[in-house]
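A.B. asks: Return a 3D structure for these sequence lines:
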Amino acid sequence: MKTKEELQEERINWADIAKGIGIVLVLLGHAPRDIMRMQYPLIDFLYYFIYSFHMPLFFFLSGMIFGNTQIKKPSKSFFAFLKKKVRALLIPWLSFSILIYLVIGTLNFTPSIKKMLQGTFMEGMDIHSYVKLCIGGENPYCIHLWYIYTLFFIQIFVFLIFRLYQMVTKRIAMSHRGIRILGSMAIIIFLLMPGSLPVCVNIKSYLIYYVLGINCAYGQQRIKMKFSLWMIVGVLLCAANALVVNMNKLNLHMMQTVIYHATAFIGVPIMILFVCSLAKKMEKNRWLLWLGKNSFGIYLLHQPFCCAVLGTMLLMVLPYKLVSYLAIMAVCIMASVIFPFGITELAWRLKLDTLLKTLFGVERMRGVPWKKDYDEK
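C.D. replies: Down below sits the predicted model:
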């Protein structure tokens, strides 16, 4: 019989594997360019299918880790928690936003390069418009930063609810009833919160999966791969959402609404549980473990250079054929891992790793899983 501490540690271990699976799905989703999706509907379908559940997975895992932390050592100070999250999420979001703006702004100072960049996502933009878009949660140069920005607000909101519950009930830890109340709030926000800003849309869309992760942590639920029928249901719902809602293959508003909500409340949770159960089956896979432990650095640093820029450049020299597209995607995925590894390794050798950690929240990607002496710790 395992102790509670051992169960919690086991959950964290497989969570790293699940993050590894998740980051692979992220790179698969970011690798294709728009022209590839337009020319080949199958690539477009796979893009939307992956996007239906791969980011909810990360919010679920973050919520589960938050729940585990609250079980072990419930936080009391809001300002201490806020300071921690500003360092871990908001500063990297701000630093990377500034860095990319400076890089792209510098490129647009050269007339010949500026002409080449016109009509692309790297086209020059005034700082006022850029700041406005970033605050709204829609960075035009680094659209992937929405995740870090959204996660910050979700974590602050959930912590405030936890803190309010502690003050009202005089309890140190959240009860199961409190978790159910939080879950009900997440559902209401999903259904009723207006979406005037992209960040609001993201908060309402992903809060429910963060709370689902908290519920999983507090419930100490054992995730086992014994629901093959449910897995089929999850795949079918996510596939239907990709075809009917995202690709608009069936232009019926009522049907789209039904499929969208069925996917959000049934299909996506099933896919999350499947990935987590798969992670438990693959907990000895050191490649996925390494990717999972370095998932934040890979996610932050891989865009826009490793997929958007590199993919666009390769499209300029290779024929518009399926074989070329697959090759470009493969190169972009490999570059998305190699580039962050090289950046963190270079920063460490130049003794700039502390600066990298402070500004971007990224640590050296220690160990390499292809070596026999790879240290998982």
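
A.B. asks: Residue 142: what's its closest spatial neighbour, skipping adjacent residues?
C.D. replies: Nearest non-adjacent residue to residue 142, counting by Cβ to Cβ, 6 or more residues apart in numbering: residue 100, 5.2 Å away. Every residue, glycine included, has its C-beta placed from N, CA and C.

A.B. asks: And residue 144, by the same measure?
C.D. replies: Ranked by Cβ to Cβ, 6+ apart and with sequence neighbours excluded, the top spatial neighbour of residue 144 is residue 303, at 4.7 Å.

A.B. asks: where's the one you found relative to residue 146, distance?
C.D. replies: Using Cβ to Cβ, to the nearest Å, residue 303 is found at 11 Å from residue 146.

A.B. asks: which other helices and strands contact the helix or strand containing residue 16?
C.D. replies: Per DSSP states H and E, residue 16 falls inside helix 4-30. Secondary-structure packing of helix 4-30 (3 or more Cβ pairs under 8 Å, 6 or more residues apart in numbering; DSSP states H and E): helix 41-51, helix 54-72, helix 268-281, helix 286-293, helix 295-302, helix 322-349.

A.B. asks: Out of the ones you listed, which gets nearest to residue 193?
C.D. replies: Nearest to residue 193 among the helices and strands packed on helix 4-30 is helix 54-72; the distance by Cβ to Cβ comes to 15.7 Å.

A.B. asks: what's in contact with the closest one?
C.D. replies: For helix 54-72, contacts defined as Cβ atoms under 8 Å, 6 or more residues apart in numbering pick out 8, 11-12, 15, 18-19, 21-22, 25-26, 29, 75, 147, 151, 154-155, 158, 162, 173-174, 206-207, 209-218, 268, 271-272, 275-276.

A.B. asks: swap in stretch 195-213?
C.D. replies: By Cβ under 8 Å, 6+ apart, stretch 195-213 touches 55-57, 59-67, 136-138, 146, 149-150, 153-155, 157-158, 179, 182-183, 186-187, 189-190, 193-194, 264-265, 268-269, 272.

A.B. asks: which of the contacts of helix 54-72 are buried?
C.D. replies: Buried subset of the contacts of helix 54-72 (neighbour count, 16 or more other Cβ atoms under 10 Å): 8, 11, 15, 18-19, 21-22, 25-26, 29, 147, 151, 154-155, 158, 162, 174, 206-207, 209-218, 268, 271-272, 275-276.

A.B. asks: Low-confidence bits of the stretch 101-250 of the chain, can you list those?
C.D. replies: Along the stretch 101-250 of the chain, segments meeting pLDDT under 70 span 220-227.

A.B. asks: 50 instead, please
C.D. replies: For the stretch 101-250 of the chain, the stretches with pLDDT under 50 are 225.

A.B. asks: ditto for the stretch 251-377 of the chain
C.D. replies: The stretch 251-377 of the chain contains residues with pLDDT under 50 at 377.
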